[in-house]
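Peer 1: Show me the folded form of this:
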Amino acid sequence: MIEKVTEYLISNKDLTASMVNFLLKPENLERLKNNPGLVKQLTKIKTLPSSIRLYLRNLAGVTDKITEDFFSKSELAEIKKRVAEAEANKSMGKKSISGEVFSRTAKNAIGYRPWDRLEEKGKMTLEGVFTNPSTNIDMSLGQASFSTDEKGNITVTDKHNFDSIAGAGYAENKYFPDSKYVKHKQVVPHRDTHDDIKEALQDPETPEKEKEWYESIIKAMPNQALSYEIGESNKQLLKRAHKALQEGTIDPSKYARIIAGLHQGEEIPIELNIGNITQEDKYKANPEFAKYIASDTMGFDPNYPILSGKQYENVGIPSLIRNLARQFIF
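Peer 2: Below is the predicted model:
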């Protein structure tokens, strides 16, 4: 059954996007949250982006370990590309990381793509998931680490979760800030205020002329109720999020991440065996590494030879290897 649905969705990308929009509707998210069996079946459909499928599993509490079988070939290729870039950096004497990794001591790590390189379609939105493979992996893994065994096989590990109710790094934070910055006024009831008068106004036994007199009293006498500001509750946050979704200020993906942040349960373990990283993999993922090898130099950044004040140093890289590297310099 899953195979037939997958084949049908592959032939109709618009339908796939419509299906995701349907799944992310508030009422359907509630249904999925209470139906882990259905979610487990739905998330086997690889034509749905991995970030959406992982989100649905997280929401429904399906915490089975994720392996490479969960991801499509193109998604695994994007993950492998990031690891290859990190390995290329390591070969040039830099930190073995790629993307934005929020730890100064991190090594053997892959992170978010640098935001200043992303076009509008690459931002962390539902549209971005379908139009930019990099965005999909940003929203699937975020930051992950990798290790290499004695045979050179690389394993990527991560735990899928939601860093905050706003969704870390989300492009629309300026339109929908974290609830800790939103305050609501709370009134302390006080019997010396208009409470008694309002009760009289709402009483059907109160004559109309007497109501007019009470209303004039309200205008003449100031309200002495005490009030103070309190943080936003989860209920208030969801109400605000739903209104923003209806108005189009946020997209369904943003709304879904807010809900996930509120209902964050057990993290989903991820362990992917992506095989070996070849020299060509590193060239393709990191053109600067290709320049590094082609120039047959070490000990400085080849992009800034004049500013560095260091000379080219020939380390004897065979011409065959240098010529191969030149093929990957754009």
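
Peer 1: and the residue nearest to Asp138 when sequence neighbours are not counted, how far is that from Phe102?
Peer 2: Distance criterion C-beta to C-beta, 6 or more residues apart in numbering; nearest residue to Asp138, sequence neighbours excluded, is Tyr112 at 5.0 Å. Every C-beta, even on glycine, is put in place using the N, C-alpha and C of the backbone. If you measure Tyr112 against Phe102 using C-beta to C-beta, to the nearest Å, the figure is 9 Å.

Peer 1: so who does the residue nearest to Asp138 touch?
Peer 2: Shown in contact with Tyr112 (C-beta atoms under 8 Å, 6 or more residues apart in numbering): 99-100, 138, 142-143, 169.

Peer 1: between Tyr112 and Phe102, what contacts are shared?
Peer 2: Common contacts of Tyr112 and Phe102 (C-beta under 8 Å, 6+ apart): Gln143.

Peer 1: hang on, the earlier thing: now compare the contacts of Tyr112 and name the two farthest from each other.
Peer 2: Taking C-beta to C-beta as the measure, these span a maximum distance of 11.0 Å, between Gly99 and Gly169.

Peer 1: Tell me who's in contact with Asn234.
Peer 2: Counting by C-beta under 8 Å, 6+ apart, Asn234 touches Leu262.

Peer 1: could you pull out the strands for the stretch 51-200 of the chain?
Peer 2: Applying DSSP state E, counting those that start in this stretch to the stretch 51-200 of the chain gives strands spanning 97-98, 109-110, 144-148, 154-160, 183-188.

Peer 1: Just say which of those is most tucked in.
Peer 2: Highest mean neighbour count among these (mean count of other C-beta atoms under 10 Å): strand 109-110, with a mean of 25.

Peer 1: quick one: that strand to chain centroid distance?
Peer 2: Its chain's C-alpha centre and that of strand 109-110 lie 16 Å apart, by C-alpha atoms, centre = their mean, to the nearest Å.

Peer 1: same thing with stretch 32-45?
Peer 2: 20 Å.

Peer 1: Can you check the distance spanned by it, start to finish?
Peer 2: End-to-end distance for stretch 32-45, by C-alpha to C-alpha, to the nearest Å: 16 Å.

Peer 1: So for that stretch, mean pLDDT?
Peer 2: Across stretch 32-45, pLDDT averages out at 87.

Peer 1: Give me the buried positions along it.
Peer 2: Judged by neighbour count using 16 or more other C-beta atoms under 10 Å, the buried positions of stretch 32-45 are 32-33, 36, 39, 42-43, 45.

Peer 1: and if you look at stretch 242-251?
Peer 2: Result for stretch 242-251 [16+ other C-beta under 10 Å]: buried residues 244-245, 250-251.

Peer 1: From the residues you listed, which land in helices?
Peer 2: Within the buried residues of stretch 242-251, residues falling in helices by DSSP state H are 244-245.

Peer 1: Nearest to Glu75 among the buried residues of stretch 242-251?
Peer 2: Distance to Glu75 across the buried residues of stretch 242-251 (C-beta to C-beta) is lowest for Asp251, with 21.1 Å.

Peer 1: name the helices or strands packed onto the top helix by length along the chain?
Peer 2: Criterion DSSP H: the longest helix present in the chain is helix 73-91. On a contact count with 3 or more C-beta pairs under 8 Å, 6 or more residues apart in numbering; DSSP states H and E, helix 73-91 meets strand 97-98, strand 109-110, helix 133-140, strand 154-160, strand 268-275, helix 279-285, helix 287-294.

Peer 1: Pull up the pairing partners for the second one, direction included.
Peer 2: By that I understand strand 109-110. strand 97-98 (parallel), strand 144-148 (antiparallel) (DSSP bridges).

Peer 1: model confidence over the first one, on average?
Peer 2: Per-residue confidence for strand 97-98 averages out to 92 on the pLDDT scale.

Peer 1: Identify whichever of the strands paired with strand 109-110 lies nearest to Ala285.
Peer 2: Closest approach to Ala285 among these (C-beta to C-beta): strand 97-98, 7.8 Å.

Peer 1: So Ser140 is in contact with Glu75, correct?
Peer 2: Yes. Counting by C-beta atoms under 8 Å, Glu75 is a contact partner of Ser140 at 7.4 Å.

Peer 1: For the two, list the residues in contact with both.
Peer 2: Ser50.

Peer 1: So between those two, which is more surrounded?
Peer 2: Ser140 (25 against 21; other C-beta atoms under 10 Å).
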